[in-house]
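Trainee: Generate a structure from the sequence data that follows.
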Amino acid sequence: MSKQVLPQGVALLSIITTALTLGIYSPAQAQPISPPIFENVSIGKKFSPNPLTVRGISGGSVPGKKVADRAETANGPCVGFVDEQSDHTLVLKDFFNYLSLQVHSPNDTTIIVRGPGGSWCNDDSEGKNPGIAGEWLAGTYKVWVGSFDQTKSYPYILRITENR
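Mentor: Modelled structure (predicted):
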C-alpha cells in the first residue's frame, strides 16, 4: 500500500475540519475575552477582592440633578448627564463604618448614588474623578456614572473599597 501525500494546505484544512467536528477547537476560543461592563454588586463586610472593581461607560441625556432629585448634596453638586437607568446596583448586606466608591476615568465624570437615606452626588473628589465615601447603611443602592459633557461618553472603572 502506498502512502498518499496531500498538499500542505489540504492537510491543514483536514486537521482543522476534524478538530471543529470533534469540538476540540472552537474559533470563539481564539477571541480575547473583554471584561464585562455595567455589573451589579452584592457585598458584605470584609468582601474580597478589596478593592472590587466594575466597569462601564459614562454619560447619558438626563441631567444629574433630575436623577438625584436635587442640585446639591453634602458630597457635592449633582451635575453631568446620565442614563435614565442606573449603571450599577450595589447591594450592601451589612452596615459599613466606611466604604468608598471612586470613579477612575481619563475624562471628566460625575457620580450619583441613590439608596437608603437619600441621594449623594459628586463631581471632582480626586482631580476630575468623582467619589463618595463614608458610612453606608445596609440596603440597595443605584449608582450612575455621568459625563460632565452631555455629548460625550467615557470608559470608567468604579473602585469599591472599605479601606481608608
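
Trainee: Show the pLDDT at the residue positioned nearest the centre of the chain.
Mentor: The centroid of the chain falls nearest to residue 55 when counting by CA atoms, centre = their mean (2.2 Å). Residue 55 is assigned a pLDDT of 97 by the prediction.

Trainee: Then residue 24?
Mentor: pLDDT for residue 24: 40.

Trainee: Considering helices and strands only, name the one in the chain with the lowest mean pLDDT.
Mentor: helix 8-22 (a mean of 41; mean pLDDT, DSSP states H and E).

Trainee: ok, residues contacting stretch 144-153?
Mentor: 56-61, 64, 67, 79-83, 86-87, 103, 105, 107-113, 123, 128, 130, 154, 156, 158 (CB atoms under 8 Å, 6 or more residues apart in numbering). C-beta coordinates here come from the backbone N, C-alpha and C atoms, glycine included.

Trainee: distance between it and the chain's centre?
Mentor: 15 Å (CA atoms, centre = their mean, to the nearest Å).

Trainee: picking that back up, are we agreed that the residue nearest to the centre of the chain is in a strand?
Mentor: Yes. Assessed by DSSP: H, G, I helix; E, B strand; the rest coil, residue 55 belongs to a strand.

Trainee: Can you tell me the closest non-neighbouring residue to it?
Mentor: Spatially, and ignoring its direct neighbours in sequence, residue 55 is nearest to residue 37 (4.7 Å; CB to CB, 6 or more residues apart in numbering).

Trainee: quick one: secondary structure of residue 66?
Mentor: helix.

Trainee: Just the endpoints, please. Distance across stretch 149-159?
Mentor: Taking CA to CA, to the nearest Å, stretch 149-159 runs 22 Å from one end to the other.

Trainee: residues near the closest residue to residue 156 other than its chain neighbours, how many?
Mentor: When the adjacent residues along the chain are set aside, residue 156 lies closest to residue 105, with 3.9 Å between them (CB to CB, 6+ apart). Taking other CB atoms under 10 Å as the criterion, the count of residues near residue 105 is 19.
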